[in-house]
Each structure stands twice: as C-alpha cells, then as structure tokens.
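Engineer: Return atomic coordinates for the entry below.
(chains A and B)
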Amino acid sequence: AQKVTQAQTEISVVEKEDVTLDCVYETRDTTYYLFWYKQPPSGELVFLIRRNSFDEQNEISGRYSWNFQKSTSSFNFTITASQVVDSAVYFCALSEAKGNTPLVFGKGTRLSVIA
Amino acid sequence: KAGVTQTPRYLIKTRGQQVTLSCSPISGHRSVSWYQQTPGQGLQFLFEYFSETQRNKGNFPGRFSGRQFSNSRSEMNVSTLELGDSALYLCASNFAPNAYGYTFGSGTRLTVV
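Structural biologist: Presented below is the predicted three-dimensional model:
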C-alpha cells in the first residue's frame, strides 16, 4: 500500500533563511508520481510540482528546489531565502500509475516564516 | 482561464440533514476528484470521476455519494449528516486521471451542528 510520511509537523524560520521540508514515501509500484502542494490560509491547494518515478533529476524553480532520491524513497523540498508569503502548509503526495490510484497525501508540514 | 469552482464556500447543516456540494472543473478537464480534509485525519480521498464514470472510491460509508454530469461538473452528496462530517471538502480536476498535476478548488467548508 502507498504511504507518505512528512515527519516535520511544524517548522518556523526567520525570513531569508533556507528551509527543507522532508517527504518519505512507500510504494510497491515501479511507476509512480510524486507531488508537492501548498495550502495557504485561504484553503486552496496550490500545485507546485509533479515528478514521475523515472525522472530523478533535481528541479529548480526560482527559490524552490526539489531533491528526488529513489534510493532513500525521499522527495524533499527546499525553499531558498524564505519569505513571509511562503508561510503555509505544504503537502507531499503520491499516486501509483497502476490503476491510476488517487493521490495519497502526507499529514503536511506547517511552515511559518517570521519577518 | 477559470480555475476549479466549488460552491458553496461555507455551509452549516444540522445533524441528520443531507447536503450537496458542487464542483465545476477547469474547461477541458474530464477528471474530478473529491477529498475530505479534517485536522485529525488530514486529506482523505473520497472518489474520482472520469467521463461520468466513478473510477475510484475511498473508504467512506455509503452516506457519501457523488456523480459527474456530461459537462464534467460534479456533485457530491452526504446524507444523514453526522458531527464528524464537519470538514473542508476539496475538489480537484485534471485532463484525465494522473495526466498531470491536479488543480484544486478553494473548497467547501461544511459545519455540522
């Protein structure tokens, strides 16, 4: 069965610090997709990234970067030079290609960036 | 283009009543999924529809049901409401199941009193 673990429940950083959000997943499928979503106080889940299991290249998008390591079943998310607007709950999610299973979410990490 | 639209945004119902929530996906998207979010259980999958057919269903009682119309709009219904049904209900749309990243709506916050 698929499972996503986000061990960090809450993180608090000072503006301009770098912060890494951890995500560890479990799946028996060889083809799967990993996602990160951001949930600001408004409640909407904002899509950040989707990565398939065959693409282990790290990705950078502005201040955001993602480190995908199949060897440790991790898909970590780093925010560089954090800003107050980054304050939100961040969710990591997994879906398996076989059967087009729905997204399974981790419990989320609440990030607070203090000015 | 317009995003995923969920109505209503807020709802207060009494135990025992039933409720219908609506979701209009992004134009061109034919997959609609529903999730329940609570502080205790987090985000839990309810069901997914694609081209009017239910493709997947989560582990929820039969009081939770849904459907999708030919224009891809979807509704979910909860009958005989219980206090524990109080939650944020989120709808997500995609071109097809797992086609790319799912786009979520702002949700409907249901409070059962």
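Engineer: Leaving out the residues flanking it, which one is nearest to A:S42?
Structural biologist: B:S106 (6.3 Å; C-beta to C-beta, 6 or more residues apart in numbering or on different chains). Heads up, the C-betas are built off the backbone N, CA and C, glycines and all.
Engineer: Same question for A:E10.
Structural biologist: A:R110 (4.6 Å).
Engineer: any idea which element that neighbour lies in?
Structural biologist: Assigned by DSSP states H and E, A:R110 falls within strand A:109-114.
Engineer: Which neighbours in the sheet does that strand have, and how are they oriented?
Structural biologist: strand A:10-14 (parallel), strand A:88-96 (antiparallel) (DSSP bridges).
Engineer: I'd like to know which of the ones you listed lies nearest to A:S61.
Structural biologist: strand A:88-96 (14.4 Å; C-beta to C-beta).
Engineer: Show me the contact partners of the helix or strand that that closest one is followed by.
Structural biologist: Sequence order places strand A:104-105 as the next helix or strand after strand A:88-96, per DSSP H and E. Strand A:104-105 is contacted by residues A:2-4, A:37, A:91-95, B:35, B:42-43, B:45 when judged by C-beta atoms under 8 Å, 6 or more residues apart in numbering or on different chains.
Engineer: So which bits of chain A are right by chain B?
Structural biologist: Counting by C-beta under 8 Å from any C-beta of the partner chain, chain A comes close to chain B at A:33, A:35, A:37, A:42-47, A:49-50, A:91, A:95, A:97, A:99-108.
Engineer: switch the cut-off to 6 Å
Structural biologist: A:G43, A:E44, A:L45, A:F47, A:R50, A:S95, A:N100, A:P102, A:F105, A:K107 (C-beta under 6 Å from any C-beta of the partner chain).
Engineer: want to try CSV for these, with pLDDT and neighbour count as columns?
Structural biologist: Below are the residues of chain A next to chain B laid out as CSV (pLDDT from 0 to 100; neighbours: other C-beta atoms under 10 Å in any protein chain shown):
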residue, pLDDT, neighbour count
A:G43, 88, 18
A:E44, 90, 18
A:L45, 94, 27
A:F47, 93, 15
A:R50, 91, 17
A:S95, 91, 22
A:N100, 71, 16
A:P102, 88, 26
A:F105, 96, 21
A:K107, 97, 17
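Engineer: which one of those residues sits closest to B:S24?
Structural biologist: Nearest to B:S24 among the residues of chain A next to chain B, with distances taken as C-beta to C-beta, is A:E44, at 14.5 Å.
Engineer: Where does that closest one fall, secondary structure wise?
Structural biologist: Residue-wise, A:E44 maps onto no helix or strand under DSSP H and E.
Engineer: so what's it closest to, chain neighbours aside?
Structural biologist: With C-beta to C-beta, 6+ apart, the residue lying closest to A:E44 is B:S106, at 4.4 Å.
Engineer: same deal with B:G58?
Structural biologist: B:F45 (4.0 Å).
Engineer: Show me the shaky parts of the chain.
Structural biologist: Looking at chain A here, since you left the chain open. Residues of chain A that meet the criterion pLDDT under 70 lie in A:99.
Engineer: look at chain B instead
Structural biologist: B:1.
Engineer: what about the strands in it?
Structural biologist: B:5-7, B:10-13, B:19-24, B:31-38, B:42-50, B:53-57, B:64-68, B:74-78, B:87-94, B:103-104, B:108-112 (DSSP state E).
Engineer: Would you mind saying which of those strands lies nearest A:A81?
Structural biologist: strand B:103-104 (26.7 Å).
Engineer: List the contacts of that closest one.
Structural biologist: Outside strand B:103-104, the residues that touch it by C-beta atoms under 6 Å, 6 or more residues apart in numbering or on different chains are A:E44, A:L45, B:V4, B:I26, B:L90, B:A92, B:S93.
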